[in-house]
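Student: 3D model of this:
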Amino acid sequence: MKNKWYQQSSVWLIILLPLAAVIAGISTVMIAHDNKVDLVAEDYYKTGKAINADLSKLNNALKSGITTRLVMDGDQGVISIASGDVPPNQALKISFYHATLSGRDFTTMLSADAAGHYRFTFPSEIQGKWAVRVEPFDSSWRVQNNVTFPITQVILDGKQ
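Tutor: Here you go, the predicted structure:
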């Protein structure tokens with residue numbers, strides 16, 4: 001008696017190879033859709049104006065000699081004013097920008113403790129390359145630095 005078509009191994013090989021390619025293609029499309037790269041700005045003019053405004057904030061920090069110290073211990077961080085003319089206990093905004101994944105960026109407002117230190121906690125330890133910016137609530141100056149985590153201590157200043 002002759003074997004039926006579904007009992008032939010060569011038939012299943014012919015069916016499974018294209019099916020595997022279709023499944024791999026669908027998976028690739030889903031991964032690419034979920035991990036879009038946000039590198040292109042839609043409005044170049046507004047982006048350029050924002051860059052100029054950012055440079056003036058950095059220049060204000062340089063003129064005032066403002067630097068901050070970021071000390072990390074696992075998921076705990078402390079910002080302190082290392083130098084410069086900064087009003088005591090001024091509210092600060094600290095922003096973390098991931099080098100490639102904008103969905104991981106976050107910003108938090110900080111108030112000083114009695115010793116003048118600004119403490120914060122990450123939801124989890126961060127790793128990799130990040131741009132870290134510190135500025136006051138009124139955005140009159142900004143200090144920043146590119147940091148590769150994990151670190152223990154880094155100085156943030158107004159230099160580009």
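
Student: Return, as residue ranges, the portions of this protein with sub-threshold pLDDT.
Tutor: For the chain, residues meeting the criterion pLDDT under 70 lie at 1, 37-53, 158-160.

Student: And the helices in it, which stretches?
Tutor: Applying DSSP state H to the chain gives helices spanning 9-34, 44-64.

Student: center of the chain - which residue?
Tutor: Centroid-nearest residue in the chain, with C-alpha atoms, centre = their mean: H98, separated by 2.0 Å.

Student: so what's that residue closest to, chain neighbours aside?
Tutor: In space, not counting the residues next to it along the chain, H98 is nearest to R104; the distance is 4.2 Å by C-beta to C-beta, 6 or more residues apart in numbering. No exception for glycine: its C-beta is placed from N, CA and C like everyone else's.

Student: Setting the sequence-adjacent residues aside, check what's closest to S83.
Tutor: T67 (4.9 Å).

Student: and that neighbour, how many neighbours does it have?
Tutor: The number of residues packed near T67 is 20, by other C-beta atoms under 10 Å.

Student: Turn the helices of the chain into TSV, including distance to W130 and mean neighbour count.
Tutor: As requested, those are exported to TSV (distance: least, C-beta to C-beta, whole Å; neighbours: other C-beta atoms under 10 Å):
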stretch	distance to W130	mean neighbour count
helix 9-34	21	10
helix 44-64	17	13
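
Student: Please identify the buried residues of stretch 116-136?
Tutor: If you call a residue buried by 16 or more other C-beta atoms under 10 Å, then stretch 116-136 has these buried ones: 118, 126, 130, 132-136.

Student: Stretch 134-145 now?
Tutor: Within stretch 134-145, the residues that qualify as buried by neighbour count (16+ other C-beta under 10 Å) are 134-136, 141-145.

Student: and which of the residues you listed is nearest to H33?
Tutor: Q144 (31.9 Å; C-beta to C-beta).

Student: Tell me who's in contact with that closest one.
Tutor: Q144 makes contacts with 58, 131-134, 156-158, as judged by C-beta atoms under 8 Å, 6 or more residues apart in numbering.

Student: switch to 6 Å and redo it
Tutor: 133, 156 (C-beta atoms under 6 Å, 6 or more residues apart in numbering).

Student: before we move on, what about R69?
Tutor: 80, 82, 155.
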